[in-house]
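Participant: Fold the following for me, if possible:
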Amino acid sequence: MANHGTVEAVNGLTARWAATLPQEEGTVLAAAGVWPLLGLLAAGAAGPARQELSAALGIPADGAATAARDLLSTLGATRGLSMALGLWTRGTLPIEPAWLDHLPAQINGQLTGDPAGDRLHLDAWATRCTDGQIDAMPITVNDETLLVLAGALTLRTDWIRPFIPGVLVAETGPWHGRVLAGLSRSSGLLNRVGVADTAAGPLTELQVVGAHGIDVHLYLGTPEATAGQVLAAAVATLHNRRATVPGDRLPDGAPGPGLSVARVPSVDGEPTLHVDTVAFTVNAHHDLLADADLFGLRTATDLSRNHFPGISAEPLAIQQAAQTMTATFGARGFRSAAVTAFSGIAAGIPRHPFRTREISVRFDRPFAFLALHRTSRLVLNAGWVTDPDTFEEPSHDY
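Facilitator: Numbering: from 1, shown residues only. Below is the predicted model of the structure:
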């Protein structure tokens, strides 16, 4: 996986982006899909645009292309992940060979100048590269578009131990009384849950282990904590594990949001972790230029000068920048897809002889999630769940 400096830089962008999220809406984002594209743009930028992109990346622009290329390569080579890169340019826009050398070979397609035809071609690429999860490019092209740089990041992981689907009736918060598509399971591994002391208050973390070294962590904060606060705090805990008290060291009572810890009668004396959560699908579209400073794109949109002489001798500015994403958490696993694009424009009651520890954790009000690479701690997706799936009775064929 990518080196430690790159992981920290990508996760830093994730935390800063997450901190801007609205509280009332469910959403999902993939800074890991944006960061390498920003790195490639930084490699071809000059002046203030280069400085702003470097600040957004969290690394010097001089090394951005190498770091971006390495990240793209490792994402694409990791089981369970797929990363595709696309570049399309108009024939009237000369591209600097040195900049093209930073990109994989033979990815440079052509924009014809016919917006309808180009749109069909770009949408087909998005559909193909996300296995149909996203069927359209997040940007639109017009007769002024000279360049499109896009990335498609898909993730799929199956749980090592699947959940049991069923019904969950929410007991607290804005979901109170709703009959939801519940997911439950029990385990003897108490340390899959923990409580972190964070700037946003106590944060309950549940680790859901997936195949190929890709996991999803669920985070429940206090009822008062916002989406941005919970997600930013969640990312911070990945790099400060000492702030998290694991399940086998939690005190009895209610040591964290959604948690209860007790000593209970037991047949075999084995501890148990009971998990109740919900199935969900979250979709989002992000206009990256709506917070241009966050992504280092403020100056790059100025049409008065060429900000990317390393890409083309022709004056070039950013026309659009956006990401479309979807993520689904279910009984058997998790899958997600993100397409990010930039366009350039000119300018029972048995006997119980033992007592043992039993932990129950319940996610029945809005919560956060991170999908991450287990060993490197690189955050691949980050999201906030406000509208879980509603329980539906199974259909019966007679």
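Participant: Could you identify the helix or strand that succeeds the lowest-mean-pLDDT helix or strand in the chain?
Facilitator: Least confident helix or strand, the chain: strand 354-362 with a mean of 84, by mean pLDDT, DSSP states H and E. Downstream of strand 354-362, the next assigned helix or strand under DSSP states H and E is strand 367-373.
Participant: Can you list the strands that the helix or strand following that following strand pairs with?
Facilitator: On the C-terminal side of strand 367-373, the closest following helix or strand by DSSP H and E is strand 379-385. Sheet pairing for strand 379-385, assigned by DSSP bridges, gives strand 27-29 (antiparallel), strand 367-373 (antiparallel).
Participant: list the buried ones in strand 379-385?
Facilitator: 379-385 (16 or more other CB atoms under 10 Å). C-betas here are computed from N, CA, C, even on glycine.
Participant: May I see the residues you listed organised as TSV, with distance to residue 344 added?
Facilitator: Formatted as TSV, the buried residues of strand 379-385 follow (distance: CB to CB, whole Å):
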residue	distance to residue 344
379	28
380	27
381	27
382	27
383	29
384	31
385	35
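Participant: related to what we said a few turns ago, so which of the strands paired with strand 379-385 gets nearest residue 42?
Facilitator: strand 27-29 (20.0 Å; CB to CB).
Participant: For the closest one, which outside residues touch it?
Facilitator: For strand 27-29, the external contacting residues (CB atoms under 8 Å, 6 or more residues apart in numbering) are 14, 17-18, 21, 227, 282-284, 286, 323, 325-327, 336, 338, 381-384.
Participant: what bits of the stretch 201-350 of the chain have low per-residue confidence?
Facilitator: Scanning the stretch 201-350 of the chain for pLDDT under 70 picks out 266-268, 347-350.
Participant: How is this structure partitioned into domains?
Facilitator: 4-157+282-346, 159-279+350-383 (automatic domain parsing).
Participant: how about those, which one is nearest residue 389?
Facilitator: Nearest of the domains of the chain (CB to CB): domain 159-279+350-383, 3.9 Å.
Participant: Endpoints of stretch 371-387, how far apart?
Facilitator: End-to-end distance for stretch 371-387, by CA to CA, to the nearest Å: 18 Å.
Participant: ok now it, how far from the chain's centre?
Facilitator: 5 Å (CA atoms, centre = their mean, to the nearest Å).
Participant: what does stretch 35-51 give?
Facilitator: With CA atoms, centre = their mean as the basis, the mean position of stretch 35-51 lies at 22 Å from the chain mean.
Participant: That stretch spans what distance, first to last residue?
Facilitator: Stretch 35-51: ends 15 Å apart by CA to CA.
Participant: got the contact list for that stretch?
Facilitator: 9-10, 13, 53-54, 56-57, 59, 61, 64-65, 67-69, 71-72, 85, 96, 99, 102-103, 149-151, 295-296, 299-300, 305-312, 318, 340, 342.
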